[in-house]
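build me a model from this:
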Amino acid sequence: MNKSQLRNIFKEKRNNLSADEVEDKSLSIANLVLKLRIWEKQYYHLFLSIARHREVNTEYLLHILQGKDKNTVVSKSDFSNRTLKHYLLTDSTPIQLNSYGIPEPVEGLEVPVDKLDVVFVPLLACDNNGNRVGYGQGFYDRFLKQCRPDTLKVGLSFFEPVDIIETNANDVSLNVLVTPRSIIKF
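Presented below is the predicted three-dimensional model:
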């Protein structure tokens, strides 16, 4: 299957999850993330979930990061050039939904990409080689290409990996995928 077909299939699969299933699976994912050997790091990039798209609820991970006194970084999208700017998330960082319903910082302390140690990556589907299918705009591929080579890319998904996904030169694969049932290292 190509990415477009997988995107449609997994959007539908996510839309078929109940609100309770999204919460239960998100909590299971957060509990498994606790088992990763990443907690000596300092800067963690976290996407803020789009609730209406039934994305993994990252609020659980946010509480873990705050409890461990880690620097949490969130992004703001620039749709004119499909890039992301990254801001330190603090108690005083104003968050607002953009026109696409994405929660984003309005302003704040910008964090350079080379500071990021771990990036939690949103996705719709992933294959057994760590290739991912997102929403198709390339925001995360552009962003992940800017990260240091040793930055750990951790995908979060409600679903187990699928067969090989078509790839292109712009794709950046994951190091780890965390689902409600497993941790898969690539």
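
run through the strands of the chain in chain order.
With DSSP state E as the definition, the chain shows strands at residue ranges 43-45, 71-78, 83-88, 95-97, 103-105, 118-122, 125-126, 132-133, 152-156, 176-178, 183-185.

how about the residue nearest the centre of the chain: what's its closest non-neighbour residue?
Closest to where the C-alpha atoms of the chain average out (Cα atoms, centre = their mean) is residue 121, at 2.3 Å. The shortest distance from residue 121 to any residue that is not its chain neighbour, by Cβ to Cβ, 6 or more residues apart in numbering, is 4.7 Å, and that residue is residue 155. For every residue, glycine as well, the C-beta is placed using N, CA and C.

pLDDT score for residue 52?
Note on residue 52: pLDDT of 89.

so what's the closest residue to residue 143 other than its chain neighbours up against?
Of all residues not flanking residue 143 in the chain, residue 84 sits nearest, at 4.9 Å (Cβ to Cβ, 6+ apart). Applying Cβ atoms under 8 Å, 6 or more residues apart in numbering, we find residue 84 in contact with 75-78, 139-140, 142-143.

residue contacts, the residue nearest to the centre of the chain?
Under the criterion of Cβ under 8 Å, 6+ apart, the neighbours of residue 121 are 47, 132, 140, 144, 153-156, 174.

6 Å instead?
Residue 121 makes contact with 140, 153, 155 under the criterion Cβ atoms under 6 Å, 6 or more residues apart in numbering.

by neighbours, which of the residues you listed wins?
Neighbour counts for those were taken using other Cβ atoms under 10 Å; the highest belongs to residue 155, which has 27 neighbours.

I figured that one hits residue 174, correct?
Yes - A contact is recorded between residue 155 and residue 174 when judged using Cβ atoms under 6 Å, the distance being 4.3 Å.

give me the common contacts of those two.
residue 132.

hmm, back to that, can you redo the contacts of residue 84 as TSV with distance to residue 184?
Output for the contacts of residue 84, formatted as TSV (distance: Cβ to Cβ, whole Å):
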residue	distance to residue 184
75	25
76	30
77	28
78	32
139	23
140	18
142	24
143	22
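
selection in PyMOL covering whichever of those are buried, please.
Buried members of the contacts of residue 84, identified by 16 or more other Cβ atoms under 10 Å, are gathered into one PyMOL selection as follows:
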select buried, resi 75+76+77+139+140+143
